[in-house]
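Asks: fold the following for me, if possible:
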Amino acid sequence: MTEIKHANKYQDWQPKYNWETCKTNRKEYGKFLCSFLTNAEDGLVVNMNGSWGTGKTELLRRLYVELAEQDHPVVYIDAWESDFSKEALSVVSSEFLNQLEHIFSPIHCDAKSELFEKAKNKIDELKLSFGTCMKLAKAGSVLTGKPEIVPLISAAETVVSVLPNKSEPSNAENIKLVDRVGKIHHARIQAMRDIKDKISFLADLMGQIYGLKIPVVVLVDELDRCRPTYAIEMLEVIKHFFETKGCVFLVATDTEALQSSIKAVYGHEFKADAYLRRFFDRKIALPDISPLDYLNTKKLDFDKYLEQGILLYPFSKNQSYNIAVMAELFFNNGMELRDIEQALQKFFASLDYVALSRGEETHVINSVVLITGIVENQCNMECFLERKTDMFVPHENRSYRAIEDSLPINELVNTQLELASTTTANEVHTGNSMTRGRDKICLNIQKYSYQTDFWRYNLPDFNLSNQITEQINHYVTEDIKYWLWDDYKNITELSGYIE
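Replies: Numbering: from 1, shown residues only. Now for the predicted structure:
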């Protein structure tokens, strides 16, 4: 791995967060986004919008690695980590300075050079300027008797909003208060301008000393998880203190969640979308993930369970068909990346538990029924609760597509659910044979001639009618544990504690 000294998180993140390990197929999107950000001539604040669980954090960290490899100074700020703080300016400034100061460490360059001394002095000046702004903010709050919600507040607005809540002051006191607040306000404005100038100057020095490319790219993550007032304050800080030549911000949010946070502060009728446009110069959407593409990159291993005494049906000869079924279940039930990961973890945790606890007994488990139950439970479907081993309730979703245009997934799901439920019937079908008897208990699917109904649903290495017959044979075999719905429901509810 190439040693990169100008990005202090690179060595830790590169092995995990690179494009080769990206399972969401966003390499081209990420590289395009880096190009867009780094070709901005002036300061730019961009909002990357993606809903909860769509992989924003992993993408930001890969962008960090990519930008570092492109020789751009890059800063990463996790807003949620600092949500406990009362001052967003101190958080952003400290993260910004600490990560950039790493670049100008004496071990990375000639500490005796004139340019290094300039950089060191400029960082010290920046620290003083940030300190001045924070002191002025506190002074303004003390004078007006009102803590500031945002770091830049109009002196006139502050005085007008506070004075009516005090006892009536004299005209002389009014004038004196306005003058003092006004001086603080103008001093802070000047300090903010100084900060922007110094950031631009530092960015130029990075190029002169190390050959690094401008702009500095600052990646802000998890803002939508923060307290509403803190999220607003951080946006104000970014806009008023850091939007300058040589510095670009990418703020990743669930924008709808962020708008709800803003309305929690300003009222339900407040136009939060228009308010956010004040802070963002551009807005970009995070591309949707194809569950099928994502699952194909996961290299899921279903075959290992055969060696552990578990017979997985219905795809006993070609387990790769499980991926197509899972992808369709996830997609049509609106499951995001984090939901998909949770469902997969539950699925494999369930099989691993059975493999460890089964003893010498062979278990016949239907992978389609297991993942269907997990999805139903995770999506709070009523059919999951209503279904019992002795009461067949079909799966709710009817909009699934077919596998290779040959096998409708909805038909497949309900057929497999019938193999996990029992009924009483006078006619019991087992493949090409049929027996009659009074109130005989059998699998739900055995009450009709399934060979006639499903003979046409075939895939390479898969014949639906034949695999149904195989499962029925396992059901009546005494030394095999054949799973019925109550078994699936129990393990699904146990795995449901995984969040």
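
Asks: how close does V354 sit to N322?
Replies: Separation of V354 from N322 (CB to CB, to the nearest Å) stands at 16 Å. To be clear about C-beta, it is placed using only N, CA and C from the backbone, and glycine gets the same treatment.

Asks: do L464 as well
Replies: Applying CB to CB to L464 and N322 gives a distance of 15 Å.

Asks: can you check C379 too?
Replies: C379 is 19 Å from N322, by CB to CB.

Asks: give me the residues contacting stretch 323-336.
Replies: 51-54, 289-292, 294-296, 300, 339-340, 343-344, 367-368, 371-372, 375, 378-379, 397, 399-401, 403-404, 409, 412-413 (CB atoms under 8 Å, 6 or more residues apart in numbering).

Asks: what number of residues lie near the nearest residue to K283 once chain neighbours are set aside?
Replies: Excluding its sequence neighbours, the residue lying closest to K283 (CB to CB, 6 or more residues apart in numbering) is N47, at 4.6 Å. Counted with other CB atoms under 10 Å, the neighbours of N47 add up to 23.

Asks: Three-state assignment for N47, please.
Replies: The three-state assignment at N47 reads strand, by DSSP: H, G, I helix; E, B strand; the rest coil.

Asks: residues touching K440, list them.
Replies: Taking CB under 8 Å, 6+ apart as the test, what K440 contacts is 424-426, 428.

Asks: switch the cut-off to 6 Å
Replies: V428 (CB atoms under 6 Å, 6 or more residues apart in numbering).

Asks: how close does it sit to K447?
Replies: Counting by CB to CB, the gap from K440 to K447 is 10 Å.

Asks: then K198?
Replies: In this view, K198 and K447 are 80 Å apart by CB to CB.

Asks: then L276?
Replies: The gap separating L276 from K447 is 59 Å, by CB to CB.

Asks: kindly report the same for R277.
Replies: R277 is 62 Å from K447, by CB to CB.

Asks: how about S465?
Replies: In terms of CB to CB, S465 sits 16 Å off from K447.

Asks: same thing with S35?
Replies: 62 Å.

Asks: those two: which has the busier surroundings?
Replies: K447 (18 against 10).

Asks: ok but D453 is inside a strand, no?
Replies: No - counting by three-state DSSP, D453 is not found in a strand; it is helix.

Asks: secondary structure element holding the closest residue to F384 other than its chain neighbours?
Replies: Distances taken as CB to CB, 6+ apart place E376 nearest to F384, at 3.7 Å, with adjacent residues excluded. Assigned by DSSP states H and E, E376 belongs to helix 367-378.

Asks: what is that helix packed up against?
Replies: Judged by 3 or more CB pairs under 6 Å, 6 or more residues apart in numbering; DSSP states H and E, the packing partners of helix 367-378 are helix 321-332, helix 337-357, helix 409-418, helix 485-495.

Asks: low-confidence stretches in the stretch 101-250 of the chain?
Replies: 104-116, 119-120, 122, 126, 129-192, 194, 209-210 (pLDDT under 70).

Asks: what segments of the stretch 201-350 of the chain are strands?
Replies: For the stretch 201-350 of the chain, applying DSSP state E, counting those that start in this stretch gives strands covering 216-221, 247-253, 282-285, 310-313.

Asks: closest to N39 out of the ones you listed?
Replies: The minimum distance between N39 and the strands of the stretch 201-350 of the chain falls on strand 247-253, with 9.6 Å, by CB to CB.

Asks: show me what that closest one pairs with in its sheet, parallel or antiparallel.
Replies: strand 44-49 (parallel), strand 216-221 (parallel) (DSSP bridges).

Asks: where does Y482 fall, phi/psi-wise?
Replies: phi -100, psi 120 (degrees, to the nearest 10).

Asks: before we move on, what about M391?
Replies: The phi/psi pair for M391 (degrees, to the nearest 10) is phi -140, psi 110.

Asks: is it in a bridge, and if so with what?
Replies: Going by DSSP bridges, M391 is paired in beta bridges with K388.

Asks: renumber starting at 319 from here on
Replies: Fine by me, first position is 319 from now on; the one you just mentioned is M709.

Asks: setting aside sequence neighbours, what's the nearest residue to R756?
Replies: Counting by CB to CB, 6+ apart, the residue nearest R756 is N744, at 6.4 Å.

Asks: now swap in L730 and tell me
Replies: Using CB to CB, 6+ apart, the closest residue to L730 is V686 (6.4 Å).

Asks: ok, so what distance separates the one you found from Q785?
Replies: 11 Å.

Asks: so which of the two has more stuff around it?
Replies: V686 (26 against 20).

Asks: surely that one meets Q734?
Replies: Yes - with contacts counted by CB atoms under 6 Å, V686 reaches Q734, the gap being 4.3 Å.

Asks: quick check: mean pLDDT of the lengthiest strand in the chain?
Replies: Using DSSP state E, we find that the single longest strand of the chain is strand 751-761. Throughout strand 751-761, pLDDT has a mean value of 87.

Asks: what angle sits between that strand and helix 727-736?
Replies: Between strand 751-761 and helix 727-736, the angle comes out at 80 degrees (axes from the mean of the first three to the mean of the last three CA atoms, to 10 degrees).

Asks: show me what counts as buried in strand 751-761.
Replies: Buried residues in strand 751-761, counted by 16 or more other CB atoms under 10 Å: 760-761.

Asks: adjacent strands (with direction) for that strand?
Replies: Its sheet considered, strand 751-761 pairs with strand 740-748 (antiparallel) by DSSP bridges.

Asks: contacts made by the strand it pairs with with the rest, please.
Replies: 707-708, 752-754, 757-760, 762, 764-765, 767, 790.

Asks: ok, now stretch 725-739?
Replies: Identification of contacts with stretch 725-739 by CB under 6 Å, 6+ apart yields 643, 646, 684, 686-687, 690, 707, 710, 712-713, 716, 718, 720, 761-763, 775, 777, 789, 802-803.

Asks: make a ChimeraX selection of the buried ones in those.
Replies: In ChimeraX syntax, the buried subset of the contacts of stretch 725-739 is picked out as below (16+ other CB under 10 Å):
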select :643,646,684,686,687,690,707,710,713,718,720,761,762,763,775,777,789,802,803
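
Asks: quick one: terminal-to-terminal distance for stretch 335-350?
Replies: Using CA to CA, to the nearest Å, the end-to-end distance of stretch 335-350 comes to 17 Å.

Asks: list the residues that contact the residue nearest in space to the middle of the chain.
Replies: Per CA atoms, centre = their mean, the C-alpha nearest to the average position across the chain is that of G371, at 3.1 Å. Contacts for G371 were tallied using CB under 6 Å, 6+ apart; they are 654-657.

Asks: what pLDDT does the model give the residue nearest to K601?
Replies: N365 is assigned a predicted lDDT (pLDDT) of 92.

Asks: which residues does M366 bridge with?
Replies: The partner residues for M366, given DSSP bridges, come to A570, I602.

Asks: coming back round to it: what's the helix holding E694 in contact with?
Replies: So helix 685-696 is contacted by 630, 640, 643-644, 647, 651, 661, 664-665, 702, 713, 731, 734-735, 738, 806, 810, 814 (CB under 6 Å, 6+ apart).

Asks: kindly report the same for stretch 591-608.
Replies: 342, 347, 362-368, 372, 553, 557, 580, 655.

Asks: do that again at 8 Å, thanks
Replies: Against stretch 591-608 from outside (CB under 8 Å, 6+ apart): 342-344, 347, 351, 354, 362-368, 372-374, 377, 553-554, 556-557, 569, 573, 576-577, 580, 584, 645, 649, 654-655.

Asks: select only the buried ones of these in PyMOL?
Replies: In PyMOL, a selection of the buried entries from these looks like this (16+ other CB under 10 Å):
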select buried, resi 342+344+351+362+363+364+365+366+367+368+372+373+374+377+553+554+556+557+569+573+576+577+580+645+649+654+655
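
Asks: excluding chain neighbours, what is closest to E540?
Replies: W398 (3.6 Å).
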